[in-house]
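1. sequence and predicted structure below; questions after.
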Amino acid sequence: MRIRKETELDSEEILLISEVSNALAHPARVKLFKYIFDRNRELAGVCTKELVEHFDYAQATISQHMKVLLESGLVVGKNVNKYTYYYINLGAFSKYLDTVKKFSTRGREQRLLFLYVEIVHKGETNRGNVEFYTFSD
């Protein structure tokens, strides 16, 4: 049996996990996040108009979901003329993944299953492979 040194999470890391996990807790926000992520990989910003045209959601619904993603820090908005263009905040997303990975390696092999595995392109990011786990007792 391998003994691991316990890694404590500070209150800032706990808040980060809570806020970002909450932002990704709704299927519509996961879809929006993934779409913006994919479009940003093509070096394109995404405006609300494009999101409304792509998804079968009302503009008000898109705006409400985007507000949650913006407040979590996962997405940033840049105002250009009358449009807001959205971009993935890769720094915040990477920090979240690192923090959750730190959390998932604590104690007796606790493992997490993330609903957004597809977002990071089958577990790969620009920094290499990311491990995704499930809970086990």
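-> Thanks, I have it. Residues are numbered from 1 along each chain as shown.
2. what packs against whichever strand or helix holds Gly91?
-> Following DSSP states H and E, one finds Gly91 within helix 90-104. The elements that helix 90-104 packs onto, with contact taken as 3 or more CB pairs under 8 Å, 6 or more residues apart in numbering; DSSP states H and E, are helix 11-23. Placement of C-beta: from N, CA and C, glycine included.
3. and the nearest residue to Gly77 once chain neighbours are set aside, what is it in contact with?
-> Nearest non-adjacent residue to Gly77, counting by CB to CB, 6 or more residues apart in numbering: Thr84, 4.5 Å away. Counting by CB atoms under 8 Å, 6 or more residues apart in numbering, Thr84 touches Cys47, Thr48, Gly77, Lys78.
4. next, the buried residues of stretch 75-82.
-> Val75, Gly77 (16 or more other CB atoms under 10 Å).
5. tell me if Glu8 really is in a helix.
-> No. Counting by DSSP: H, G, I helix; E, B strand; the rest coil, Glu8 falls outside a helix, being coil.
6. next one, pLDDT for it please.
-> Note for Glu8: predicted pLDDT of 70.
7. go on, the one 3 residues further on?
-> pLDDT for Ser11: 86.
8. thank you kindly, that will do.
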